[in-house]
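In: Here is the input, now give the coordinates:
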Amino acid sequence: MAVGKKSWAAALFTAGAVAALAVGAAMLWNAGRGTVPSVRLRPDDAAVTALGQKVYAAQCAACHGARLEGQPNWRARGPDGRLPAPPHDASGHTWHHPDELLFRITKLGLAKAANLASFGSSMPAYEGVLTDAEILAVLSWIKAQWPPSIRAKHDEMNRSSSPQR
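Out: Below is the predicted model:
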């Protein structure tokens with residue numbers, strides 16, 4: 001009978017170890033994704049962009065400009081060591097980043113979104129200030145302002161950066 005108890009205990013231990021490994025792998029796979037849903041901007045959705053325009057005017061325009069122009073000398077650090085707010089129009093670099101990263105930067109703040117713990121940024125995190133739908137709307141409105149050629153490049157970059165499913 002002792003042999004039967006040992007094999008049962010070994011099987012139970014093995015099953016527990018496999019379950020723990022599976023849970024650990026799932027946690028690593030989803031690390032950092034729990035607070036950010038899968039994102040796809042909707043610049044052609046009139047209702048979404050109308051909301052986005054309102055949110056942008058209320059929350060973003062003070063730094064990024066009413067016409068998406070950003071702050072002067074946005075590529076040079078100021079006396080405080082921080083970069084001024086960049087433009088979100090075609091002259092800026094917003095369209096160089098995939099939808100999900102833009103969403104993460106807006107929701108979590110630049111330092112957390114990019115895993116740069118010591119990066120000083122004036123860009124606030126909007127988690128708890130804006131809903132996910134409002135963040136998606138404002139980013140969709142920004143994209144809707146880009147010329148068709150920039151939107152096409154951004155769409156291609158999103159396709160290239162999307163995980164294969």
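
In: List the contacts of H96.
Out: Counting by Cβ atoms under 8 Å, 6 or more residues apart in numbering, H96 touches M157. C-beta here means a position set from N, CA and C on the backbone, and glycine is covered the same way.

In: Centre-most residue in this protein?
Out: R104 (2.1 Å; Cα atoms, centre = their mean).

In: where does A113 fall, phi/psi-wise?
Out: Per-residue torsions, A113: phi -60, psi -40 (degrees, to the nearest 10).

In: Which residue, neighbours along the chain excluded, lies closest to it?
Out: R104 (3.8 Å; Cβ to Cβ, 6 or more residues apart in numbering).

In: Helix or strand: which one has that neighbour?
Out: R104 is part of helix 99-108 when elements are defined by DSSP states H and E.

In: just checking, what packs against that helix?
Out: Under the contact criterion of 3 or more Cβ pairs under 8 Å, 6 or more residues apart in numbering; DSSP states H and E, helix 99-108 touches helix 110-113, helix 132-144.

In: Between these, which has the poorest mean confidence score?
Out: Comparing mean pLDDT across the helices and strands packed on helix 99-108, the weakest is helix 110-113, with a mean of 83.

In: helix or strand right after the helix or strand of the chain with the lowest mean pLDDT?
Out: Least confident helix or strand of the chain, by mean pLDDT, DSSP states H and E, is helix 2-29 with a mean of 46. With elements assigned by DSSP H and E, the helix or strand that comes after helix 2-29 is helix 46-59.

In: Could I get the average pLDDT for that next one?
Out: Across helix 46-59, the average pLDDT comes to 98.
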